[in-house]
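K.L.:
return atomic coordinates for the entry below.
(one chain, ligands or ions: 2)
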Amino acid sequence: MDNYIERLQERGINITAVRLLIFKEMMNFSHAFCLADLETTLDTVDKSTLFRTITLFHEKRLIHSIDDGSGSIKYSVCSRYCDCSVEQQHTHFYCEKCKTTFCLDNASIPEVNIPQNFILHSANFVLKGLCSHCSKIAT
Ligand SMILES: [Zn+2]
Ligand SMILES: [Zn+2]
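P.N.:
Ligands and ions are numbered 1, 2, ... in the order given. Now for the predicted structure:
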């Protein structure tokens, strides 16, 4: 539990029992999650608390958001020293079969030449296809 407390404190988030509980649950996901996923696993926490906590964690960059085109915003816990700058962002992979989104932490976003005087703030780089589990079923 100490490690969780430390992770929240590092991001300037005040510790409460419910925040710890939610963060712990987030750490259990091996893939990106959406609000509805958390509502299912944390059915004792009321929805507005969940929503406010996600918003806070996102603002404090404890988690990052991913728009994978599925219509619901996904989230994933940031690596410890991530500051969510474009250089630190990674590619995401959306499986069209099981509708799961994965963080490809080791695949940084390719450098893109943008027109002069355009200023880049963030990037949302999503690859689509089949995950390792679904590709096995497909063949
Ligand atoms: Zn899949
Ligand atoms: Zn990610």
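K.L.:
what residue of the chain is the furthest out?
P.N.:
Gln116 (30.8 Å; C-alpha atoms, centre = their mean).
K.L.:
quick check: it vs Ile109, distance?
P.N.:
Separation of Gln116 from Ile109 (C-beta to C-beta, to the nearest Å) stands at 20 Å. Every residue, glycine included, has its C-beta placed from N, CA and C.
K.L.:
circling back to that earlier point, for the residue farthest from the centre of the chain, what are phi and psi?
P.N.:
Per-residue torsions, Gln116: phi -60, psi 140 (degrees, to the nearest 10).
K.L.:
and what of the one 5 residues further on?
P.N.:
Listed backbone geometry of His121 is phi -110, psi -40, with angles given as degrees, to the nearest 10.
K.L.:
how about the nearest residue to it, chain neighbours excluded?
P.N.:
Take His121 and drop its neighbours on the chain: the residue closest to it by C-beta to C-beta, 6 or more residues apart in numbering is Val86, 7.4 Å away.
K.L.:
the one you found: what's it in contact with?
P.N.:
Shown in contact with Val86 (C-beta atoms under 8 Å, 6 or more residues apart in numbering): 109, 120-123.
K.L.:
what subset of the residues you listed is buried?
P.N.:
Buried by 16 or more other C-beta atoms under 10 Å: Ile109, out of the contacts of Val86.
K.L.:
the contacts of Val86: which two are farthest apart?
P.N.:
Ile109 and His121 (12.9 Å; C-beta to C-beta).
K.L.:
do a quick rundown of the strands in the protein.
P.N.:
33-34, 63-66, 74-77, 90-95, 101-108, 126-129 (DSSP state E).
K.L.:
hmm, back to that, can you check the pLDDT for the residue farthest from the centre of the chain?
P.N.:
Per-residue confidence (pLDDT) for Gln116: 95.
K.L.:
from His92, how far off is it?
P.N.:
Taking C-beta to C-beta, one finds Gln116 at 28 Å from His92.
K.L.:
swap in Tyr75?
P.N.:
In terms of C-beta to C-beta, Tyr75 sits 11 Å off from His92.
K.L.:
can the worst-scoring helix or strand of the chain on mean pLDDT be said to contact ligand 1?
P.N.:
Confidence across the helices and strands of the chain bottoms out at helix 132-138, with a mean of 88, counting by mean pLDDT, DSSP states H and E. Yes. For helix 132-138, a contact with ligand 1 is found by C-beta under 5 Å from the ion, at Cys134.
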